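Undergrad: Sequence and predicted structure are below.
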Amino acid sequence: MTDQVYKSAKGKSVDMARLVLENESLPAIGNASYNARGDLLKNGKVVKSREELLQDYYNQNPRNI
């Protein structure tokens with residue numbers, strides 16, 4: 001994994017990977033109905049996981065090889 005530790009404007013270190021892992025189950029701010037992990041939410045509950053959403057997408061859009 002890449003090093004995702006950044007310096008803030010005030011010189012403090014911010015570990016972005018740790019923040020994402022700690023907050024992946026929290027809903028996104030705004031009108032997006034997803035959490036940080038990518039799960040579809042309805043009324044704060046997971047309706048479809050990220051894996052289910054991806055599988056549905058690829059089933060509906062097959063690649064022509």
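TA: Sure, I can see it. Computed from a prediction, not measured in an experiment: that's the story for all the values here.
Undergrad: Let me see the ranges of the strands in this protein.
TA: Defined through DSSP state E, the strands belonging to the chain, from first to last, are 5-7, 13-15, 40-42, 45-48.
Undergrad: gap between the helix or strand of the chain with the lowest mean pLDDT and the chain center?
TA: For the chain, scoring each helix and strand by mean pLDDT, DSSP states H and E identifies helix 16-22 as the least confident one, at a mean of 88. A distance of 11 Å separates the centroid of the chain from that of helix 16-22, by C-alpha atoms, centre = their mean, to the nearest Å.
Undergrad: send the alpha carbons of it over as PDB?
TA: What follows is the C-alpha trace of helix 16-22 in PDB, where atoms were taken according to Å, rounded to 0.1, in the frame of the first residue of the first chain:
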ATOM      1  CA  MET A  16      -5.500   9.000   5.400                       C
ATOM      2  CA  ALA A  17      -5.600   5.200   5.200                       C
ATOM      3  CA  ARG A  18      -6.200   4.900   8.900                       C
ATOM      4  CA  LEU A  19      -9.000   7.500   8.700                       C
ATOM      5  CA  VAL A  20     -10.700   5.600   5.900                       C
ATOM      6  CA  LEU A  21     -10.500   2.300   7.800                       C
ATOM      7  CA  GLU A  22     -11.800   3.800  11.000                       C
END
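Undergrad: May I have the biggest helix by length in the chain exported as CSV, CA atoms only?
TA: With secondary structure taken from DSSP state H, the chain has its longest helix at helix 50-60. Taking only C-alpha atoms (Å, rounded to 0.1, in the frame of the first residue of the first chain), the coordinates of helix 50-60 have been written out as CSV:
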residue,chain,number,x,y,z
ARG,A,50,-20.1,-2.8,-2.5
GLU,A,51,-19.4,-6.3,-3.8
GLU,A,52,-23.0,-6.9,-4.7
LEU,A,53,-23.2,-3.5,-6.5
LEU,A,54,-20.1,-4.3,-8.5
GLN,A,55,-21.4,-7.8,-9.4
ASP,A,56,-24.7,-6.3,-10.6
TYR,A,57,-22.9,-3.7,-12.7
TYR,A,58,-20.7,-6.3,-14.4
ASN,A,59,-23.7,-8.6,-15.0
GLN,A,60,-25.6,-5.8,-16.7
